[in-house]
Structure formats: structure tokens, C-alpha cells
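Colleague: no sequence for this one, just the structure:
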């Protein structure tokens, strides 16, 4: 075979993708050198490693907004991740950017999220002396926690996109920048959908001016937002919305904080979740030898508090409740 399939794909990228795209053949590479795959580009391999990781599978049992919902159709951290990936790939394809890189970042962006959503993140941030940010933890997961401490050895472009997907400095690739805005588009719309399903709000509660500007339904809003991003990102080195349009987008975000994110109905169980995480944190700091062996090794290398943070952040909602019950809820000794 004169050229491998991977090399053919890399050559096609040079012909098809925009000059602004990140080419697989020009990746900054991995922390630990690896021979290239004959079939897949480096970014395809990263995507596959993320999908097959344990932390990715655990996302199906991690809260998005509504804690322990009884219905099957509420979003979890996994379904949120898939919606982000779908929106991000649509934008990347329209702009002739690297879809494989975009998808890999999208699928990995929330791997470090805690149980019980942002309530869990805030709890660990308050408890840990070094603070806790889920985007930093996502990079830690792929770098030093997955595969029994070996990490996934992802490319620098994917790790940078994961790290920069929430706030602070923009990712240095346009593909990475897509994830930040795709994440916002996905969660603001699916959170509205979930809140309506839960009876917390109605579509008509959204101010009419915002609905007229952004769309009268979830589908219309996503379509409108994605189109605006694409039309305003056809040139230059930034992925963006039109500034006037972004003003309305930001107003919708503020509306959601009032109507949903700070709504006592939605947050009624958060106090319990935070208290449970505090108890687990304090328990394992006092008894680090009771953590799984991988985290005992982390404690020996990086300190107990770092290992406890890693252990709790990696738990699913269900598993954290199970562990809490084992430690603190009395069991009947009579069957």
C-alpha cells in the first residue's frame, strides 16, 4: 500500500478544508509519542478513545440540571454532550473546519463534571484548598486518571479545546472555539425544554421580544443561533455571534437564571446533594485508604485532598448516593 488510509484522509483534508482549519497532519502531537494509526487520523483516534473511556460512560448517570428526575426524557450529562457534538459538527462542516477535532473536543468537554451538576462542582470548589473547575478536571481525567492512571494521551489540540470550553482564554483552534458556543446553544435550549417538561415554566414565559428575535420554539432557536454563528464566522480567527444578536442571546441566558437555574423548585434537592458531597469529602480525607486503589496511588503522588477530589468528581449521581448510604445510613440486621 503506497499510502495508508490515514494518509489519504490527511491529503483530502488539505484539499477540502478551509485554510483556517486545523489539519490532522499538522497536529502539535501527544505528550507521549505514538506511532500513527494506518486507518485513523490523530483526531479520530482521540474521539474513539474518549467514547470508549469509563468517564464517558459515567456521564449517563450524571445530572445536567434536574437532580434525580423521575422521567426518562430529561437530559443527563451524556445526552447534553451528544447535543453539543451535533451542534458543533454542524457549525464545523458549514465553515469547512475539521469535524473530527470538533467532535473529539465536544465529546470530552464534560468528562470531569461532578455528580449533581454545578451544585457538585460548587461544593468541591468550596471544599478543596486548590479549588475545583470542571473544565480543568476534564483535562485531568484524560491526562492522568483514565486507563488506570496512564491517561488517554490525547493531542494538544483536543486538550486545549476541552480546557477552554467554558470561560477564560479562547481555544487556539477555531474548532475548539466552536465548542464553547455550541455548549451554550445546547444547554440553554435543552434546559428550556426540560423546564417545560417539569412544569417549571412555559414557552410563553420567555419574553416575547426574545422569542421574536431568537425563535418561537426550541428548534427555531437552535436553527437561528447556529446560522448566526456560521454567518458571522465565515472569516477571521474567531467563532462568534453578531454582537446585536448576542445581546438577545445573553438576555435569554439571564432569563433562564431567574426562571430555572435559581428556581427553588429546580434547586430544592441541591442542599442535600451538597451536604452529601461534603460528608463524602471529609470521610475520605480522614480514611484515604478506603478509596479504590487507583485513587490511593494518586493520594501518594499528589496528596490526599487531590485524590479525594478526583474520586468524588468521577462518581455518578447513583454511585455517590450508594457510597453515602453504605457509610452513613444504618442497615437492618434482620431480613
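Modeller: Perfect, thanks for sending it. The structure presented is a predicted model; accordingly, all values stated were derived computationally and were not measured.
Colleague: can we go C-alpha only for contacts and neighbour counts from here?
Modeller: Fine.
Colleague: low pLDDT regions in this protein?
Modeller: Low-confidence segments of the chain (pLDDT under 70): 1-2, 66-71, 266, 332-335.
Colleague: Which residues are in contact with the closest residue to residue 150 other than its chain neighbours?
Modeller: In this structure, residue 150 finds its nearest non-sequential neighbour in residue 144, 5.8 Å apart by Cα to Cα, 6 or more residues apart in numbering. Contacts for residue 144 (Cα atoms under 8 Å, 6 or more residues apart in numbering) come out as 150, 151, 152.
Colleague: Counting neighbours, which of these comes out on top?
Modeller: For the contacts of residue 144, the largest neighbour count, defined by other Cα atoms under 10 Å, is 18 neighbours, found at residue 152.
Colleague: That one reaches residue 47, doesn't it?
Modeller: No: the criterion here is Cα atoms under 8 Å, and residue 152 misses it with residue 47 at 10.5 Å.
Colleague: if I pick residue 295, what's in contact with it?
Modeller: 307, 308, 310, 311.
Colleague: Inside helices: which ones of those residues?
Modeller: Counted as lying in helices by DSSP state H, out of the contacts of residue 295, are 307, 308, 310, 311.
Colleague: From residue 201, how far off is the first one?
Modeller: Yep, that's residue 307 we're talking about. In this view, residue 307 and residue 201 are 40 Å apart by Cα to Cα, to the nearest Å.
Colleague: What is the nearest of the contacts of residue 144 to residue 320?
Modeller: residue 151 (23.1 Å; Cα to Cα).
Colleague: Next, the contact list for the closest one, please.
Modeller: Residues near residue 151 by Cα under 8 Å, 6+ apart: 141, 142, 143, 144, 145.
Colleague: A helix includes it, no?
Modeller: No: secondary structure of residue 151 (DSSP: H, G, I helix; E, B strand; the rest coil): coil, not part of a helix.
Colleague: Could you measure from it over to residue 115?
Modeller: Separation of residue 151 from residue 115 (Cα to Cα): 21 Å.
Colleague: same question, residue 261
Modeller: Residue 261 is 17 Å from residue 115, by Cα to Cα.
Colleague: I'd like the next helix or strand past the longest helix anywhere in the chain.
Modeller: Looking across the chain with DSSP H, the single longest helix is helix 174-197. Once the chain leaves helix 174-197, the next helix or strand it forms, by DSSP states H and E, is helix 208-214.
Colleague: my read is the residue nearest to residue 150 is in a helix, agree?
Modeller: Yes: using three-state DSSP, the secondary structure at residue 144 is a helix.
Colleague: Turn the contacts of residue 144 into a markdown table, columns for distance to residue 288.
Modeller: Formatted as a markdown table, those follow (distance: Cα to Cα, whole Å):
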| residue | distance to residue 288 |
| --- | --- |
| 150 | 21 |
| 151 | 22 |
| 152 | 25 |
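Colleague: Compare residue 307 and residue 201 (neighbour count), which wins?
Modeller: Between residue 307 and residue 201, counted using other Cα under 10 Å, the more crowded position is residue 307 (24 against 17).
Colleague: wait, isn't that one in contact with residue 296?
Modeller: Yes: if you go by Cα under 8 Å, residue 307 and residue 296 touch, sitting 7.2 Å apart.
Colleague: Nearest to residue 245, out of the contacts of residue 295: which one, please.
Modeller: The closest of the contacts of residue 295 to residue 245 turns out to be residue 310 (Cα to Cα; 39.0 Å).
Colleague: Please tell me how far the closest one sits from residue 231.
Modeller: According to Cα to Cα, residue 310 stands 40 Å off from residue 231.
Colleague: Give the residue from these two that has the larger number of neighbours.
Modeller: Neighbour totals were compared for residue 310 and residue 231, and residue 310 leads with 22 against 16 (other Cα under 10 Å).
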